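>>> sequence and predicted model, in that order:
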Amino acid sequence: MSTAQAQSPAPHTTIADLQSFERRYTNLPFEAILKQDILRLGLSFDGKALSGIEFKTKDYFIFTFDHVPLAEQSEEIRFRAPEEIRLSGGPFSLAKTVVSVRIDPSSPYRVSTTDRGPALFLGDQFLADVDFPPVPAWYRHTTSSGKSPGEIAPVIEWGYLIYLTVFRNCQYFGKDEECAFCDINHNWRQQRLQGRPYTGIKSIEEILEVLSFIDKEDTVAECYTITGGSVVTDLQKKGETDFYFQYIRAIEERFPGRWMGKMVVQAWEKADLLRFKEAGIKVYHPNYEVWDPELFTKLCPGKTRFIGRENWIRRIVESVDVFGPSHVIPNFVGGVELSKPYGFKTVAEAVKSTAEGLDFFMSHGVVPRFTTWCPEPYTTLSTLEKQEKPPLVYFLELLSEWKRIFEKYKLPTPPGYGPPGPGQAVFSVSAFMDVIGYEGRA
Ligand code: SF4
């Protein structure tokens, strides 16, 4: 394994780069290396590869996760791209690898059509066969309010996770409060400007209606996530914890234990969390986003002002008493430590800082996970400066550190993410699940 490099390699990868990383990072499956690079650089699509076949398209379940605005995407691509792609075969003999789709027409990774169906190319080089996710049978229904199931209760991770963003805005609003990397409010605006029905606050009734379709017809989904933006004052005359609690109570009363309940919300006090555990929530994701204290303040101004980093961290650790350590899985945004203008100048500093946070949480039995920072166009960071995508070496160092510390503390596979390891993992926005249990190669 290498030491982290201070200088960034060219942002676009070549086959020779991939081969070189494969030789250097023998602790990581090649599937994880490629997945991180595709997530980092995004995907471009040949419109022909998307026509004539049926598949589940992007539901824009919380953020855009695109590198270009919807309005600037071609008609062939906009709302036509798949939620995820699944790679296999090719010159690297890839095991099945599920990767979230982030549209970027300038990406060197391109999905084109071939005689055998869609395939992934890096420049002109064929890299892998591609599958698109199937449309769940229950997507054919319409709710009594006339909405499609994918608008109310979309599935991601190849159908494994029902993603319930019940509040599609955040009351941390504008550059002085919104997290600087987050496009939840901008996504909502873009979807509406494109004329999509994009429900801001989902009703309990419509969620239960779609879950009843899933309950009857689906055999793939195993978990649901309740999430949405922060509530600073009140929403529909309810405080934040009451607002989110009503959904969980309704779901668990109607379908007790049918799916594993997870929630991605702010860091709340232990006393507030007890009723969520009693109601049926198994996994708690109080996302800390970025470990470095100064960066947390700069990148999460709303969370800093209303809760504060020290409180946030204390609450994460204390929530272990409620859910159990490995069931507390706070996310951080991998790569945002390198964003401009506040971020670290070198990969080594960024990884060192984040590894310190990983060690702190994992020493308490908590299992942080990460997503791959996607510099969406309308975020505060993108309006402050032109953002460069973090180099691949950053993600490979980060994955190496995540794996090393996870193994040092002998932690269990995080619940609610499906099976781990190359060829098995379905978590699509980073490769942390792909590396679990990998024993390395010569
Ligand atoms: S708290 Fe931050 S990351 Fe979460 S929705 Fe609000 S702005 Fe986005």
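Cool, got the structure. Numbers count the residues shown, from 1 in each chain.
>>> next one: the residue of the chain positioned farthest from its centre from Asn187, what distance?
Distance from the C-alpha centroid of the chain peaks at Asp115, with 32.2 Å (CA atoms, centre = their mean). Per CB to CB, to the nearest Å, Asp115 is found 37 Å from Asn187. (Each C-beta comes from the backbone N, C-alpha and C, glycine too.)
>>> what residues does Val220 make contact with?
Pro136, Val155, Trp158, Gly159, Tyr160 (CB atoms under 8 Å, 6 or more residues apart in numbering).
>>> near the ligand, anything from the lowest-mean-pLDDT helix or strand in the chain?
Across the helices and strands of the chain, mean confidence by mean pLDDT, DSSP states H and E is lowest for helix 184-193: a mean of 94. Yes - using CB under 6 Å from any ligand atom, helix 184-193 comes into contact with the ligand via Ile184.
>>> got the buried residues for that helix?
The neighbour-count check on helix 184-193 (16 or more other CB atoms under 10 Å) flags Ile184, Asn185, His186, Asn187, Trp188, Gln190, Gln191 as buried.
>>> which SSE is immediately downstream of it?
helix 204-217 (DSSP states H and E).
>>> thought Phe21 was touching Leu34?
No - using CB atoms under 8 Å as the test, Phe21 is too far from Leu34 to be in contact (9.0 Å).
>>> who's more crowded, these two?
Neighbour totals were compared for Phe21 and Leu34, and Leu34 leads with 28 against 21 (other CB atoms under 10 Å).
>>> what segments of this structure are helices?
With helices called from DSSP state H, the chain shows them at 15-24, 30-41, 149-152, 184-193, 204-217, 240-254, 270-279, 293-299, 301-306, 309-323, 347-363, 380-384, 392-408.
>>> got the residues of this structure near the ligand?
Cys170, Tyr172, Glu178, Cys179, Cys182, Ile184, Gly229, Ser230.
>>> the fourth one: how many residues sit nearby?
Same thing as Cys179. 25.
>>> can you check the first one too?
Neighbourhood size, Cys170 [other CB under 10 Å]: 19.
>>> got any ranges where this protein has weak pLDDT?
1-11 (pLDDT under 70).
>>> tell me the domain ranges of it?
3-131, 137-408 (automatic domain parsing).
>>> ok, which of these comes nearest Tyr438?
With CB to CB as the criterion, Tyr438 lies closest to domain 3-131 of the domains of the chain, at 5.0 Å.
>>> how close does Trp402 sit to Gly90?
26 Å.
>>> what's the nearest residue to Trp138 if we skip its chain neighbours?
Leaving aside its sequence neighbours, Trp138 sits nearest to Phe213 (CB to CB, 6 or more residues apart in numbering; 4.0 Å).
>>> that neighbour is in contact with Arg140, isn't it?
No - the criterion here is CB under 8 Å, and Phe213 misses it with Arg140 at 9.1 Å.
>>> of those two, who's got more company?
Ranked by neighbour count (other CB under 10 Å), Phe213 and Arg140 place Phe213 first, with 19 against 11.
>>> can you pull the contacts of the more buried one?
With the criterion set at CB under 8 Å, 6+ apart, Phe213 makes contact with Trp138, His141, Pro149.
>>> what does Phe65 give?
Lys58, Ser100, Val101, Arg102, Cys374, Glu376, Val429 are the contacts of Phe65 under CB under 8 Å, 6+ apart.
>>> and the gap between it and the ligand?
13 Å (CB to the nearest ligand atom, to the nearest Å).
>>> go on, Gly117?
For Gly117, the distance to the ligand - CB to the nearest ligand atom - is 37 Å.
>>> you'd agree that residue is up against Val130?
Yes - Gly117 lies in contact with Val130 (CB under 8 Å); the separation is 7.3 Å.
>>> these two: who's more crowded?
Neighbour count, other CB under 10 Å: between Gly117 and Val130, Val130 has more, with 25 against 12.
>>> pretty sure that one sits against Arg110.
No - applying CB under 8 Å, one finds Val130 not in contact with Arg110, separated by 10.5 Å.
>>> between those two, which contacts overlap?
The contact sets of Val130 and Arg110 overlap at Leu120 (CB under 8 Å, 6+ apart).
>>> contacting residues for the closest residue to Leu381 other than its chain neighbours?
Among residues not flanking Leu381 along the chain, Ala180 sits closest, at 4.7 Å (CB to CB, 6+ apart). Residues near Ala180 by CB under 8 Å, 6+ apart: Lys298, Leu299, Cys300, Pro301, Ser339, Thr379, Thr380, Leu381, Leu384.
>>> how about stretch 288-295: buried residues?
Judged by neighbour count (16+ other CB under 10 Å), stretch 288-295 contains these buried residues: Tyr288, Glu289, Val290, Trp291, Asp292, Leu295.
>>> pretty sure the last one sits against Pro341.
No - contact criterion CB under 8 Å: Leu295 and Pro341 do not qualify, at 11.3 Å.
>>> just the C-alphas of stretch 132-145, formatted as PDB.
Below are the C-alpha coordinates for stretch 132-145, written out as PDB (Å, rounded to 0.1, in the frame of the first residue of the first chain):
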ATOM      1  CA  PHE A 132     -29.600  -1.600 -15.400                       C
ATOM      2  CA  PRO A 133     -31.900  -2.100 -12.300                       C
ATOM      3  CA  PRO A 134     -35.200  -3.800 -12.900                       C
ATOM      4  CA  VAL A 135     -38.400  -1.900 -12.400                       C
ATOM      5  CA  PRO A 136     -40.100  -3.300  -9.300                       C
ATOM      6  CA  ALA A 137     -43.500  -4.900 -10.300                       C
ATOM      7  CA  TRP A 138     -45.300  -2.600  -7.800                       C
ATOM      8  CA  TYR A 139     -44.100   0.500  -9.600                       C
ATOM      9  CA  ARG A 140     -47.000  -0.100 -12.000                       C
ATOM     10  CA  HIS A 141     -49.500   1.000  -9.400                       C
ATOM     11  CA  THR A 142     -50.700   4.600  -8.900                       C
ATOM     12  CA  THR A 143     -51.600   5.900  -5.500                       C
ATOM     13  CA  SER A 144     -55.200   7.100  -4.800                       C
ATOM     14  CA  SER A 145     -53.800  10.700  -5.000                       C
END
